[in-house]
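J.: fold the following for me, if possible:
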Amino acid sequence: MPLMDSVYLTPEHEQLREQIARFIAREVEPHALAWEEAGCTPREVLRKMGDAGLLGLMYAGEYGGADADALTNLVFAEALSQSTFGGFIITVLVHTDMASPHLHHAGSAAQLARCMPGVTSGRTITAVGITEPGAGSDVAGIKTTARRVHDGRGDHWVLNGTKLFITNGVHADLLFIAAKTGPARHAMSMFIVEKGTPGFSVGRALKKSGWLSSDTAELVFDDCRIPAANLLGEEHKGFYSLMKNFQTERIALAAMAVGHCTQALRLTLDHVRQRQAFGGALFEKQVVRQRLAMLDAKVRAARAFMYHCAWRVTQGQDVVQEVSMLKALTGELVNEVVSGCQQFHGGMGYMRDTAIERLWRDARVLAVGGGATEVMLDEVAKRY
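T.: Predicted structure coming up:
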C-alpha cells in the first residue's frame, strides 16, 4: 500500500525516508529475528545510526544534531516503522524521542557538552525512568525520592525507589530519572544517573509479550548518591518538563502505530491476492476487500491528523488536546487494523516469527504505553 502524499512533506523528507528504508533493509530485517531471541537490539545498530546522522535530528548542530523540526522527526519515526520489528523501533525511539530530549531541553551547558555528543553518535544509550510499580499514567503518583545532602563526601542527591517497565533500562549508559523532591503532589525533579553509579542497579530484566528485541528493566535505587550537578533542569519543576516532552513522545508512538498499520495492510493485501480459497483468491471475496478498504481509510485519516499535529508543533501552537486525541486514536486503531489483518492470514497469522503475528503482539502495548487510552481521553475532555 503506497503511503499517502502529504502537503507537509518536502523532497528532503522523502530522502530521509528512503535513507532509513535502506538502513532497515541492510542492517535490521536480516538480523532482527536473532535480536528477538536475544531480547535486545545490539548497541552497534545505534552506533551505525549515529554514524549516519540519524540519532539527533531535532538537536543542535553543535552537538551533532541536524536542527530539524517536528515534521522531520515525525518522518523519521514513521520511516523507522517500515520495520516489522517493534522492539528495534522502540529501542531507537526511546533514545531519540523519549529519553534524550530531557537532556537537550533542560541540560546545562556543561551537561550538554559532556553528554550530547555521545547521545547523537549512538555511543551513549539513554533511557528515561518515570513509571513505578504503583504509578504509570499517573505520573504525579511516583514514590521514588531524591534528598539533597551536604556532608564530608560533598554535595549530593540521594535517590531511593524503584522504577518499572523501563525500555533500554538494562543496557542504557545514561538514565534520566524522575523523583519526588518535595511534599507537594507535583514537586518532582529530573536527575542524570550514569550506569555503574553505586546504589543504582538493574533489579531484573523483564519478559514481555511483544517488543521482544528491546530490553525492559526494573531499576532499583538504594541510597544512590549522585553529584548535585546531576540535577537536570530546575528543582521541583520536573513534572512540567515531563508533561512538555510527552507531546514529542506521543507523536512518535502515533507514528509507530500508523507504521504498524501500514505494514499490516501491505502484508495482508499481498497475502489475500495470492491465497486461494473456495475457487479463487481471497481478494475476490467482497467482504475481504471491503474490510481492508475500510481499515485503509481509517489509517489514512489518522495519518493525515498525525501530520497536522506535527505541523502545529512547528508553528509553536498548543497541541496537548490534539496530541492526546491522536495517541488515543492510533493506539486503538493499530489494534483494530492489525487484528483485522491477522484474521485474513488464517492459521499462519498465529504462527510465531511471521511478520503479521509479530505486529499483532507488538501493537497491543501502543494502547497503554506513553499514556493509556482512557487517560488520553480524559486529557482531551478536560480541555473542552
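
J.: doesn't Phe165 lie inside a strand?
T.: Yes - checked against DSSP: H, G, I helix; E, B strand; the rest coil, Phe165 lies within a strand.

J.: can you count the residues close to it?
T.: 20 (other C-beta atoms under 10 Å). To be clear about C-beta, it is placed using only N, CA and C from the backbone, and glycine gets the same treatment.

J.: check Ala140 too.
T.: Residues near Ala140, counting by other C-beta under 10 Å: 14.

J.: distance check, it against Leu282.
T.: 50 Å (C-beta to C-beta, to the nearest Å).

J.: do Glu132 as well
T.: 47 Å.

J.: just the strands in the stretch 201-350 of the chain please.
T.: For the stretch 201-350 of the chain, strands defined by DSSP state E, counting those that start in this stretch occupy the ranges 216-227, 231-232, 276-277, 280-281.

J.: do you know which of these lies nearest Ala372?
T.: In terms of C-beta to C-beta, the element of the strands of the stretch 201-350 of the chain nearest to Ala372 is strand 216-227, at 17.2 Å.

J.: buried stuff in that closest one?
T.: 216-221, 224-226 (16 or more other C-beta atoms under 10 Å).

J.: save those residues as a markdown table, and put in pLDDT too.
T.: Compiled in a markdown table, these are given as follows (pLDDT from 0 to 100):
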| residue | pLDDT |
| --- | --- |
| Thr216 | 97 |
| Ala217 | 96 |
| Glu218 | 97 |
| Leu219 | 98 |
| Val220 | 98 |
| Phe221 | 98 |
| Cys224 | 98 |
| Arg225 | 97 |
| Ile226 | 98 |
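
J.: which one of the residues you listed sits closest to Met188?
T.: Phe221 (14.0 Å).

J.: remind me, longest helix of this protein?
T.: Using DSSP state H to assign secondary structure, the helix with the most residues in the chain is helix 238-274.

J.: which parts of that one are buried?
T.: 238-239, 241-242, 245-269, 271-272.

J.: also stretch 71-81?
T.: Result for stretch 71-81 [16+ other C-beta under 10 Å]: buried residues 71-81.

J.: likewise stretch 308-317?
T.: 309-311, 313.

J.: Leu242 and Gly259, how far apart?
T.: Counting by C-beta to C-beta, the gap from Leu242 to Gly259 is 25 Å.

J.: and for Gln247?
T.: Distance of Gln247 to Gly259, given as C-beta to C-beta: 19 Å.

J.: any idea of the pLDDT on Asn160?
T.: pLDDT, Asn160: 98.

J.: export the helix or strand encompassing it as CSV, just CAs?
T.: Applying DSSP states H and E as the criterion places Asn160 in strand 154-167. Extracted C-alpha coordinates of strand 154-167, given in CSV (Å, rounded to 0.1, in the frame of the first residue of the first chain):
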residue,chain,number,x,y,z
GLY,A,154,30.4,16.6,49.2
ASP,A,155,27.1,18.0,47.8
HIS,A,156,24.9,15.1,46.6
TRP,A,157,21.4,13.9,45.9
VAL,A,158,20.5,10.6,47.3
LEU,A,159,17.8,8.6,45.4
ASN,A,160,15.7,5.8,46.8
GLY,A,161,12.9,3.9,45.0
THR,A,162,12.1,1.5,42.2
LYS,A,163,11.3,2.1,38.5
LEU,A,164,9.4,-0.4,36.4
PHE,A,165,8.9,-1.2,32.7
ILE,A,166,11.9,0.9,31.7
THR,A,167,12.8,0.4,28.0
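
J.: how about residues contacting the helix or strand following that strand?
T.: Next in sequence after strand 154-167, counting helices and strands by DSSP H and E, comes strand 174-180. Strand 174-180 is contacted from outside by 99, 102-103, 115, 118-119, 124-130, 139, 142-146, 159, 161, 163, 166, 169, 187-195, 219, 221, 232, 238-239, 242, using C-beta atoms under 8 Å, 6 or more residues apart in numbering.

J.: go on, stretch 258-265?
T.: Taking C-beta under 8 Å, 6+ apart as the rule, stretch 258-265 contacts 1, 3, 77-82, 84, 86, 89, 292, 295-296, 299, 302-303, 306, 330, 333-334, 337-338, 341-342, 355-356, 359, 362-363, 366.

J.: mind checking which of those land in helices?
T.: 77-80, 86, 89, 292, 295-296, 299, 302-303, 306, 330, 333-334, 337-338, 341-342, 355-356, 359, 362-363.

J.: alright, that wraps it up for me.
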